[in-house]
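Asks: Curious how this folds, go ahead:
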Amino acid sequence: MTVTVTGDGGSAGFQLVRTSAKQEAPLRPLVNNPDIISTIADVTFYGRDQAGNDVSVTGSIGIDFGNFGDPQ
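Replies: Now for the predicted structure:
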C-alpha cells in the first residue's frame, strides 16, 4: 500500500487478520464457545521520506477474538 503523509497527517486502511485465518484454528472453534482469545499485534510500516531516507514506525494493537455476533 502507499500512503502519503503530509503535515496534516494521512490515513489508510489495511487488513490486520486475513479472512481465511478466521476459518482456521484457533479462531474457527470460537464460533461455538464463549472463549475469548486476547492478543497483541506489533505492526511495523516501512517507507521513505521525501528526501529518500528510510523510515519506519511500529505500533501495537490489542485484538480480542471471540463470538461477538449480534444474537438477533
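Asks: give the contact list for the most centrally placed residue in the chain.
Replies: The centre of the chain sits closest to Leu16, judged by C-alpha atoms, centre = their mean, with a distance of 2.7 Å. Contact analysis of Leu16 by C-beta atoms under 8 Å, 6 or more residues apart in numbering lists Ala41, Val43, Ile61, Ile63. Any C-beta I mention is one placed from the backbone N, CA and C, and that applies to glycine too.
Asks: now swap in Pro26 and tell me
Replies: By C-beta under 8 Å, 6+ apart, Pro26 lies in contact with Ile37.
Asks: which SS state does it fall under?
Replies: coil (DSSP: H, G, I helix; E, B strand; the rest coil).
Asks: Likewise for Lys22?
Replies: Using three-state DSSP, the three-state assignment for Lys22 comes out as helix.
Asks: Just give the nearest non-adjacent residue to it, would you?
Replies: In space, not counting the residues next to it along the chain, Lys22 is nearest to Arg28; the distance is 7.2 Å by C-beta to C-beta, 6 or more residues apart in numbering.
Asks: What of Phe45?
Replies: With C-beta to C-beta, 6+ apart as the measure, Val57 is the residue that lies nearest to Phe45, at 5.5 Å, once sequence neighbours are left out.
Asks: what's the helix or strand where the one you found lies packed up against?
Replies: Using DSSP states H and E, Val57 sits within strand 54-65. Using 3 or more C-beta pairs under 8 Å, 6 or more residues apart in numbering; DSSP states H and E, the elements in contact with strand 54-65 are strand 37-48.
Asks: Could you tell me the angle between the strand it packs on and strand 54-65?
Replies: Orientation of strand 37-48 against strand 54-65 (axes from the mean of the first three to the mean of the last three C-alpha atoms, to 10 degrees) gives an angle of 160 degrees.
Asks: Adjacent strands (with direction) for strand 37-48?
Replies: Strand 37-48 has these partner strands in its sheet, going by DSSP bridges: strand 54-65 (antiparallel).
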